[in-house]
Every structure is written in C-alpha cells, then in structure tokens.
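A.B. asks: next comes the sequence, and after it the predicted model I'd like to discuss.
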Amino acid sequence: MTRKVALVTGVTGQDGSYLAEFLVEKGYQVHAIARRTSSFSRDRIDGLRDRARENGQTFELHYGDLSDSTSLNSIVATTRPDELYNLAAQSHVGISFQQPEYTTDVVATGVLRLLECVRSMGLDTRFYQASTSELYGAGIEVPQSETTPFHPLSPYGVSKLYAFWISKNYRDGYGMHVTNGILFNHESPRRGENFVTRKTTLELARIRQGREAPLRLGNLNARRDWGYAKDYVEAMWLMLQQDTPDDYVIATGETHTVREFVARAAEVAGFELEWSGEGPQEKAHDRKSGRLIVEIDPAYFRPSDVELLCGDGSKAKRTLGWEPKVKFNELVEILMKSDLAALGLD
C-alpha cells in the first residue's frame, strides 16, 4: 500500500513541529518547508528525521519561503503531496503592527501563491489553511462560531482574513479540497518566547531562580480561549480526512484572563500573588517574600487590542469527533513545569 505524502509549511514553529511528528507516527511520507536563514532554528524538529528513519518512516526538509513562488513551485512539483498543511506565518499580533507589509506578504499573499501552485499543477491535493480566532477581533458575538461575522483588529488579523477568503474562493471557484481551521489560542512548551503565555512561564521560572527583574506585561484583562497545541494538530489532520472540505472552529469554549493565567502559573512556580493598584499601576507581589513579581509596562499595550475570544467548537465535535483533552489548569501546569525543569528547578 502506497503511503500518503504530506507537505507541511512552518515546520520549525510550534504547530508545524507537532504536526510533523503526528504525521510521521501516522505513517505518512512527510516533507516540510523551512526558511533558509544564517542561523539554524531547528530545535523543535531536531532528531525527527533520524527517529523517522529508525521506524521506517520519512521526514525530509526543503528550503522555501511563502514570499517566493519559485521555491514553492519547485517543492510542490517535487513532492506532489496528497495533503498540504499551510502553517507558515508571521504569527505574532504585536509584531504585525511593526511589520505590517511583511506580515501581509507572507500571511495573505503567501497563501495565494501556495494555492496557485496546487491549482496550476492540477494536483488532487487536500489543502489545510491555518486560520485564527484573531479574525473575530472586536467580538461581535460570544461565543464565536463558523457563522460569526469577522472584524479583525490587527495587520495579522486582516492578513489572515484575506487568507481565509482566498482559500474559500479556490474551494468554491475551482472545486479544490481546501479547509480553513479557525484555531483559537493554543499553547505548549514549544510556544515562542515572545508570546504572553510562554513569556510568563519563562520569566516566572527565572524569577524563581533568583532574578530580581519582575515580569512586565500589558493588558491583563484580555480574555482568551486557551488550548493545548498537541490536541489542536490532531484536529488539523481530522479536517483533511473528511470527504467534503469545510471550515471549523477549534476551541475549548472556556475563557480566562491573562491575569488568571499569570496567577495560575505563579502558583505552580511556588509564588502566592497579591495584587494591588489599578490600570498601569497594577502590580503583584509574592505574599510570602514580598518580592515584586509582576508589573505593567505601557510598551506592551497595542494600538488596538482584542478583549474577548471564546470559541464554539460544537461543529468540530459533531463532525470530526474532536474535543480538547487538556483544559486550562493542566495546560498552565504543563508550560510552567517545563520551564522550571529547563532551569533545573522542581
């Protein structure tokens, strides 16, 4: 029996690395695209090729970029994938305000380039497009479902909106098997250190180790629907196993503030936070030692911020049979304990 071929973009990121591992374990021939840079950033996929070969599986890395049609055409023509998972992006909302043009080129136009590669070659490839809860932005209704109107509030969100609609356009216009996964926030120990969840657990671990500088954050009142990345990559795969392409919200249906995330992580790290002040003057000290643990830094406030995201994943549960296994408290514990262990702390 011929094994399926999968092509994954953004493989050096959190989702891409987990998805590549998942597909290798499923017996796929996995090909992946990574950008060529002067310094290699492959920590998340180190050893995957060797592990795959030991088990008679395939994992091959190709150099390409969503801003470069030539490289994309070459890779797609060479691999001719049965399934293509597009996870590549400049995915940090805050940075998208600083680099709006680059974000748009990769996150929006990059998707068009990849879809056009598949269409122009006449491939029967099932295409997964990584969408995002940032599409909802202003949160016209709560919880947000597949039918909720979009209102993005950042260059990243606006770029993802184009990617969402161009994906639907290729599905409807050309009959391609293209699916959008509208994933709400999902975290893991592989999350980038500039995202608020991982920044929080890493900085708290360093404070526990003895560093005096406090954890500096922006909007503590923002509410998010946080899930576990390893759960969410399974949902991506399930979407492409459906005979009919569609769009799905992937979420836990629970929301928690950034403040709640920080408090839970601090508890796991051995701190008991006592909050004081309001707005930019809000702080948190450790009740036992009196140490300053958290303070607000206006530099981390965005020109516009999404206050509330909460997903309705009932369609995914009904159609895909998917629901999250890891909930909020366990998720925070996984992240916090991982960063503590990395510094040799209990």
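C.D. replies: Cool, the structure landed.
A.B. asks: phi first, then psi, for the closest residue to P303 other than its chain neighbours.
C.D. replies: Taking Cβ to Cβ, 6 or more residues apart in numbering, and ignoring the residues beside it in sequence, P303 has F97 as its nearest neighbour in space, at 5.9 Å. C-betas here are computed from N, CA, C, even on glycine. Backbone torsions for F97, taken as degrees, to the nearest 10, come to phi -70, psi -30.
A.B. asks: what about F97, neighbour count?
C.D. replies: Counted with other Cβ atoms under 10 Å, the burial measure for F97 works out to 15 neighbours.
A.B. asks: that one touches S154, doesn't it?
C.D. replies: Yes: between F97 and S154 there is a contact at 6.5 Å, judged by Cβ atoms under 8 Å.
A.B. asks: so what sits against both of those two?
C.D. replies: Counting by Cβ atoms under 8 Å, 6 or more residues apart in numbering, the contacts common to F97 and S154 are R302.
A.B. asks: pLDDT score for the residue lying closest to R206 once chain neighbours are set aside?
C.D. replies: In this structure, R206 finds its nearest non-sequential neighbour in L343, 7.1 Å apart by Cβ to Cβ, 6+ apart. We note a pLDDT of 95 for L343 in this prediction.
A.B. asks: my guess is L343 contacts Q209, does it?
C.D. replies: Yes: here L343 lies in contact with Q209, judged by Cβ under 8 Å, at a distance of 5.3 Å.
A.B. asks: got the end-to-end distance for stretch 80-90?
C.D. replies: Across its full length, stretch 80-90 reaches 25 Å end to end, with Cα to Cα, to the nearest Å as the criterion.
A.B. asks: what comes up buried for that stretch?
C.D. replies: By neighbour count, with 16 or more other Cβ atoms under 10 Å as the criterion, the buried positions of stretch 80-90 are P81, D82, E83, L84, Y85, N86, L87, A88, A89, Q90.
A.B. asks: list the contacts of that stretch.
C.D. replies: Contacting residues not belonging to stretch 80-90 are listed as 4-11, 13, 15-16, 19, 28, 31, 33, 66, 76, 96, 99, 102-103, 106-107, 110-111, 114, 118, 121, 123-130, 156, 160, 236, 240 [Cβ under 8 Å, 6+ apart].
A.B. asks: just the buried residues from the residues you listed, in PyMOL please.
C.D. replies: Selection of the buried residues among these in PyMOL, burial being defined by 16+ other Cβ under 10 Å:
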select buried, resi 4+5+6+7+8+9+10+11+13+15+16+19+28+31+33+66+76+96+103+106+107+110+111+114+118+123+125+126+127+128+129+130+156+160+236+240
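A.B. asks: from the contacts of stretch 80-90, which land in strands?
C.D. replies: With strands identified by DSSP state E, the entries of the contacts of stretch 80-90 that belong to them are V5, A6, L7, V8, T9, H31, I33, R126, F127, Y128, Q129, A130.
A.B. asks: just the residues you listed now: which is nearest G277?
C.D. replies: Nearest to G277 among these, counting by Cβ to Cβ, is A130 at 38.3 Å.
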